[in-house]
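In: the amino acid sequence is not available; the structure is as follows:
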């Protein structure tokens, strides 16, 4: 007896996988909320369940699951609104099993492309609370700061009470 397409096990995603941003709905929300970051990263990222709850009550939240081929690997929430020329990465995470494979970089680039296409007057992408190396409670190795500077984001020099900094990217 041969396995049907549905019964076949998907190959795990790898560096060559195609990354897409997909709407979160009743079919995939549990898979997205089951994604995890490493324990040391919990100071940097809210849970996906909390983020989905917040997005439900925010008119400007745009949420997507990050997929590598057919596997959910992360979560992205943007804050999008019409009146301004800047937009914001509100929440972003890649599951600990899939970090270091380039999925995060591809997802952020897809998010920027979405903003540019949807809001042609967009000039700036912001993100809040990126923890710089050496931030309180951080080893530096797990801080998202290097990831974002590698994408071209710049430190705006405004630190919050935890030592996290706002960053911007000209788009």
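Out: That came in fine, so what should we check first? These figures come from a predicted structure and were not determined experimentally.

In: pull up the distance across stretch 31-51, start to finish.
Out: Length of stretch 31-51, first residue to last, CA to CA, to the nearest Å: 14 Å.

In: just checking, next helix/strand downstream of the helix or strand harbouring residue 31?
Out: Here residue 31 sits within helix 29-33, counting by DSSP states H and E. Sequence order places helix 48-56 as the next helix or strand after helix 29-33, per DSSP H and E.

In: for that following helix, list every residue counted as buried.
Out: 48, 51, 52, 55 (16 or more other CB atoms under 10 Å). No exception for glycine: its C-beta is placed from N, CA and C like everyone else's.

In: what do you get for stretch 76-95?
Out: Neighbour-count burial for stretch 76-95 [16+ other CB under 10 Å]: 76-80, 86-95.

In: among the residues you listed, which lie within strands?
Out: Cross-referencing those against strands under DSSP state E gives 76-79, 86-94.

In: nearest to residue 39 among those?
Out: Closest to residue 39 out of these is residue 93 (13.5 Å), distances taken as CB to CB.

In: check the closest one and give its pLDDT.
Out: Residue 93 carries a pLDDT value of 94.

In: from what I can see it touches residue 50, true?
Out: No. In this structure residue 93 lies outside contact range of residue 50 using CB atoms under 8 Å: 11.4 Å.

In: by mean pLDDT, point me to the weakest helix or strand of the chain.
Out: strand 154-159 (a mean of 75; mean pLDDT, DSSP states H and E).

In: and the next helix or strand past that strand?
Out: Following strand 154-159 in sequence, per DSSP H and E, is strand 165-170.

In: partner strands of that following strand, parallel or antiparallel?
Out: Taking DSSP bridges as the criterion, strand 165-170 pairs within the sheet with strand 124-130 (antiparallel), strand 154-159 (antiparallel).

In: quickly check the ones in strands among the buried residues of stretch 76-95 for the two that are furthest apart.
Out: Most distant of these, by CB to CB, are 86 and 94, 24.0 Å apart.

In: let me see the mean pLDDT of the longest helix along the chain.
Out: Looking only at the chain and at elements set by DSSP state H, the helix with the highest residue count is helix 103-118. For helix 103-118, mean pLDDT rounds to 95.

In: and the contacts of that helix?
Out: For helix 103-118, contacts defined as CB atoms under 8 Å, 6 or more residues apart in numbering pick out 13, 17, 19-21, 62, 64, 66, 68, 73-74, 76, 78, 80, 87, 89, 92, 94, 122, 125, 147, 150-151, 169, 171.
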